[in-house]
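Undergrad: sequence unknown, structure follows:
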C-alpha cells in the first residue's frame, strides 16, 4: 500500500528525483490493492513506466542507477484466461432464434452472423460504415479495433 510519506501530486508536479523504485512499487501496489485491478493491469502499467524510464535513461545518465532499479522490477505472473467460444452446434441454435421473416429478425440474424464470422466486438461492428464493406468478390469488411488498429475480414 502507498506509504504515508508519499504525497499525492499531479504528474506536472513531479521531478526526476521523484521517479524512484519505492514509489513505483507503491503505485503498482496501489493499482492492485486499492483499485482492485488484476496482475495483467499492473503489468501494463509497469510496461508503460519502463518505457518512460528507458527514455529517461537515454537522456539522463546521472540518474542511471535510480533508473536501473526501476527497470529491474519484475512483472507479476498473470493468470491466463481460457479462451471461451461457441461450438458450431451452439452457434446454429443461436442463429435459429431470430425470426428471419421480419425485418428486425433478419437484421438480428445478419448481425449475429457478422459477429460470428468476423470475430468483431460489438463496438467494432457498430463502427462499420458502408465504405468499410466490399460486396464484390473478394467480399470483405474493414474493421477498426482498439487503438485504431484496422483489419480486413473476409465475408
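TA: Perfect, thanks for sending it. These numbers were taken from a predicted model, which means no experiment stands behind them. Numbers count the residues shown, from 1 in each chain.

Undergrad: Counting neighbours, what do you get for residue 120?
TA: Residues near residue 120, counting by other Cβ atoms under 10 Å, number 21. The C-beta positions use only the backbone N, C-alpha and C, and glycine is treated the same way.

Undergrad: now swap in residue 26 and tell me
TA: Residue 26 has 16 neighbouring residues, counting by other Cβ under 10 Å.

Undergrad: What residues of the longest helix along the chain count as buried?
TA: If you go by DSSP state H, the chain has its longest helix at helix 39-59. For helix 39-59, a neighbour-count test (16 or more other Cβ atoms under 10 Å) marks 39, 42, 43, 45, 46, 49, 50, 53, 56, 57 as buried.

Undergrad: Could you identify the helix or strand that succeeds it?
TA: Heading C-terminal from helix 39-59, the first helix or strand you meet, by DSSP states H and E, is helix 64-71.

Undergrad: so how far is residue 70 from residue 49?
TA: From residue 49 across to residue 70, the span is 7 Å (Cβ to Cβ, to the nearest Å).

Undergrad: intersection of neighbour lists for the two?
TA: Counting by Cβ atoms under 8 Å, 6 or more residues apart in numbering, the shared contacts of residue 49 and residue 70 are residue 24.

Undergrad: Distance from the chain centre to stretch 145-155, please.
TA: How far stretch 145-155 lies from its chain's middle: 14 Å, per Cα atoms, centre = their mean, to the nearest Å.

Undergrad: which other residues reach it?
TA: Residues outside stretch 145-155 that contact it (Cβ under 8 Å, 6+ apart) are 117-121, 124, 133, 135, 138-144.

Undergrad: Now intersect those residues with the helices, please.
TA: Per DSSP H, the contacts of stretch 145-155 map to helices at 117, 118, 124.

Undergrad: which ones are touching residue 50?
TA: By Cβ under 8 Å, 6+ apart, the residues touching residue 50 are 70, 71, 73.

Undergrad: Residue 15 and residue 56, how far apart?
TA: Noted for residue 15: a distance of 12 Å to residue 56, by Cβ to Cβ.

Undergrad: An error on my part: the question was meant for residue 90.
TA: Separation of residue 90 from residue 56 (Cβ to Cβ): 51 Å.

Undergrad: now residue 31
TA: 21 Å.

Undergrad: again with residue 124
TA: For residue 124, the distance to residue 56 equals 36 Å [Cβ to Cβ].
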